[in-house]
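>>> no FASTA, just this:
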Ligand SMILES: [Zn+2]
C-alpha cells in the first residue's frame with residue numbers, strides 16, 4: 001500500500017515529461033509547477049504521460 005508520503009518522495013525523483021519541471025502532488029492530480037500541466041492520478045498512481053496531460057490553457061487561439 002502506497003502512502004501519500006511515499007508518493008511524494010517518488011515524485012521528487014521525477015520531472016514533468018514535457019518541460020522537465022518540478023512536479024507537485026495535489027489531491028486529485030499531479031501539477032507541474034513549470035508548465036502548469038496536470039497529470040491524472042489513477043488509483044493513486046500518477047500517469048506522467050504527455051498524451052494524458054491537461055494543459056493549463058486548453059482554449060484554442
Ligand atoms: Zn511541465
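It's in. What you see is a predicted model, and the numbers here were worked out from it, not measured in a lab.
>>> how about the strands in this structure?
For the chain, strands defined by DSSP state E occupy the ranges 23-25, 29-32, 38-42, 45-46.
>>> dump these to TSV, plus mean pLDDT and distance to residue 9.
Placement of C-beta: from N, CA and C, glycine included. Output for the strands of the chain, formatted as TSV (pLDDT from 0 to 100; distance: least, Cβ to Cβ, whole Å):
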stretch	mean pLDDT	distance to residue 9
strand 23-25	95	10
strand 29-32	96	14
strand 38-42	95	16
strand 45-46	91	13
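>>> so which of those strands is nearest residue 16?
strand 29-32 (4.1 Å; Cβ to Cβ).
>>> list the contacts of residue 39.
Contacts for residue 39 (Cβ atoms under 8 Å, 6 or more residues apart in numbering) come out as 23, 29-32, 46-49, 52-54.
>>> among those residues, which ones lie close to the ion?
residue 32 (Cβ under 5 Å from the ion).
>>> just flag the most distant two among the contacts of residue 39.
Pairwise distances among those were taken by Cβ to Cβ; the largest, 15.1 Å, belongs to 31 and 49.
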